[in-house]
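Chemist: Just to be clear, the model below is a prediction. Sequence and coordinates:
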Amino acid sequence: MTKGDVFFGTPQPVTFSVVEAVIDARFLSNSIPLTLPPGASVGVGITLQNSGNTYWLPGQDTLIGSSSPCVFFTGGPAEIRDDDIAAPNTQYQFLMQVTAPPSPGTCDLTLQMSELGLPFGPTLHLTITAEVPPNAAEGWELYE
């Protein structure tokens, strides 16, 4: 330390270590229904744990999804909300809209985290089935 131009006190060694950034995630849970009526759109939550040692930040970290060939995401990838962060070892819930295909069938849904466009962490694979519910209004004219 100094007072004016004069040093005083005993110099103390400073020790520090540089830790390599670990960007990782772990899927914990989701509320994605595996069966939906054709064309139905539902809001879902996907909860992950930030299992790395870096923060997930708005505009930088997103939950990206791809589907083959038929589940649609409304509004694009789920992002860290503007007023939020996900610190290391904390849980974060992404919210998004999922729309089933317009006609009955199955399709595959894949979700993975991405930071600045580079995927990281595990991939979650789900198969979504679009089927007409057994109590659908089709054929009601038979009962009139």
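Modeler: Received, thanks. Residues are numbered from 1 along each chain as shown.
Chemist: Centroid-nearest residue for the chain?
Modeler: Geometric centre of the chain, nearest residue: Leu63, 3.3 Å, by CA atoms, centre = their mean.
Chemist: That one sits in which helix or strand?
Modeler: strand 61-68 (DSSP states H and E).
Chemist: My read is that the residue nearest to the centre of the chain contacts Gly76, right?
Modeler: No: here Leu63 does not reach Gly76: they are 10.5 Å apart, not a contact under CB atoms under 8 Å. C-beta: built from backbone N, CA, C; applies to glycine.
Chemist: re the thing from before, tell me which strands the strand holding Leu63 pairs with, and in which orientation.
Modeler: strand 78-79 (antiparallel), strand 105-115 (antiparallel) (DSSP bridges).
Chemist: just those strands: most buried one?
Modeler: strand 78-79 (a mean of 22; mean count of other CB atoms under 10 Å).
Chemist: Now tabulate the strands paired with strand 61-68 in a markdown table and tack on distance to Pro13 and mean pLDDT.
Modeler: Shown next, in a markdown table, are these (distance: least, CB to CB, whole Å; pLDDT from 0 to 100):
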| stretch | distance to Pro13 | mean pLDDT |
| --- | --- | --- |
| strand 78-79 | 43 | 88 |
| strand 105-115 | 35 | 89 |
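Chemist: Many thanks, have a good one.
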